[in-house]
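Chemist: this one's sequence-less:
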Ligand SMILES: CCCCCCCCCCC/C=C/C(=O)SCCNC(=O)CCNC(=O)[C@H](O)C(C)(C)COP(=O)(O)OP(=O)(O)OC[C@H]1O[C@@H](n2cnc3c(N)ncnc32)[C@H](O)[C@@H]1OP(=O)(O)O
Ligand SMILES: NC(=O)C1=CN([C@@H]2O[C@H](COP(=O)(O)OP(=O)(O)OC[C@H]3O[C@@H](n4cnc5c(N)ncnc54)[C@H](OP(=O)(O)O)[C@@H]3O)[C@@H](O)[C@H]2O)C=CC1
């Protein structure tokens, strides 16, 4: 007997609940962000994923399109610590999709180290990414577009 087919992407919500909505997911190429992206696509959203590493973004788009044939997922490079880069991410998303309904502030991270060994530069990198970066994304989305924002970092 053939093994049952297991869906690669699913949701507790009904499929197409967010039909034709547009989501922008920072850090959407890896980990939790990639999972959120796939669930949003499953729910009918069109999704822009954004982060610093173009190679990761391209690979994620290819993988996701394999999991969800026909979905509209695109990528744009962005360093959320840099205001100009955030402005470009939001304007590129608006140019390509016409609107942004949801912003998922997932991009971020931290170094794991004892406080005594934590350099000021490393601490600043974490704060500038998780706090300042999230602020810049929310501010720019409010200025250029805007509806709902999910905070995660
Ligand atoms: C400040 C408070 C920290 C509190 C930590 C609490 C931990 C609670 C855990 C809660 C559960 C959370 C789980 C997760 O987050 S899971 C994984 C998430 N993913 C990641 O963290 C990976 C992605 N992370 C990053 O990209 C980076 O962590 C970060 C966003 C923070 C910065 O990345 P960036 O690439 O910009 O950083 P650089 O490589 O440019 O480094 C900047 C300078 O920091 C120095 N550095 C490196 N390691 C350390 C260290 N262990 N301690 C201190 N400083 C460090 C690094 O050398 C750079 O300086 P130099 O240029 O001079 O070398
Ligand atoms: N895993 C866990 O247990 C927990 C995770 N979190 C948070 O959830 C989020 C996702 O974590 P997780 O999936 O585990 O880890 P990942 O490392 O897989 O995801 C982090 C993402 O953030 C992106 N990113 C980091 N810095 C920047 C930046 N300056 N500009 C744009 N994008 C950036 C990375 O992409 P790139 O490197 O290409 O820029 C990467 O895609 C993070 O914010 C993390 O702190 C919170 C609590 C628990």
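Modeler: Looks like it came in fine. These numbers were taken from a predicted model, which means no experiment stands behind them. Ligands and ions are numbered 1, 2, ... in the order given.
Chemist: where does this protein come near ligand 1, residue by residue?
Modeler: Neighbours of ligand 1 within the chain, by CB under 6 Å from any ligand atom: 108-111, 113, 118-119, 121-123, 125-126, 129. Heads up, the C-betas are built off the backbone N, CA and C, glycines and all.
Chemist: what about 8 Å?
Modeler: 31, 52, 81, 108-113, 117-119, 121-127, 129-130 (CB under 8 Å from any ligand atom).
Chemist: could you flag which of those are buried?
Modeler: 52, 81, 108, 129, 130 (16 or more other CB atoms under 10 Å).
Chemist: For the closest residue to residue 21 other than its chain neighbours, grab the count of nearby residues.
Modeler: Leaving out its chain neighbours, the residue that sits closest to residue 21 by CB to CB, 6 or more residues apart in numbering is residue 101, at 4.2 Å. Using other CB atoms under 10 Å, residue 101 is surrounded by 18 other residues.
Chemist: quick one: residue 101 from ligand 1, how far?
Modeler: Residue 101 sits 26 Å away from ligand 1, taking CB to the nearest ligand atom, to the nearest Å as the criterion.
Chemist: Model confidence score at residue 144, please.
Modeler: pLDDT recorded at residue 144 is 88.
Chemist: can you check the one 5 residues further on too?
Modeler: At residue 149 the predicted local confidence, pLDDT, stands at 60.
Chemist: Residue 86 contacts residue 135, doesn't it?
Modeler: No - judged on CB atoms under 8 Å, residue 86 makes no contact with residue 135 at a distance of 9.6 Å.
Chemist: So if I had to pick from the two, which one is more boxed in?
Modeler: Neighbour tally, residue 86 and residue 135, criterion other CB under 10 Å: the higher count belongs to residue 86, 23 against 13.
Chemist: wait, what's in contact with the residue lying closest to that one once chain neighbours are set aside?
Modeler: Excluding the flanking residues, the one nearest residue 86 by CB to CB, 6+ apart is residue 136, at 4.5 Å. Contacts for residue 136 were tallied using CB atoms under 8 Å, 6 or more residues apart in numbering; they are 80, 81, 83, 86.
Chemist: try 7 Å this time
Modeler: Residue 136 makes contacts with 80, 83, 86, as judged by CB atoms under 7 Å, 6 or more residues apart in numbering.
Chemist: now those residues in TSV, with distance to ligand 2, pLDDT and secondary structure?
Modeler: Output for the contacts of residue 136, formatted as TSV (distance: CB to the nearest ligand atom, whole Å; pLDDT from 0 to 100; DSSP: H, G, I helix; E, B strand; the rest coil):
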residue	distance to ligand 2	pLDDT	secondary structure
80	4	98	coil
83	12	98	helix
86	9	98	helix
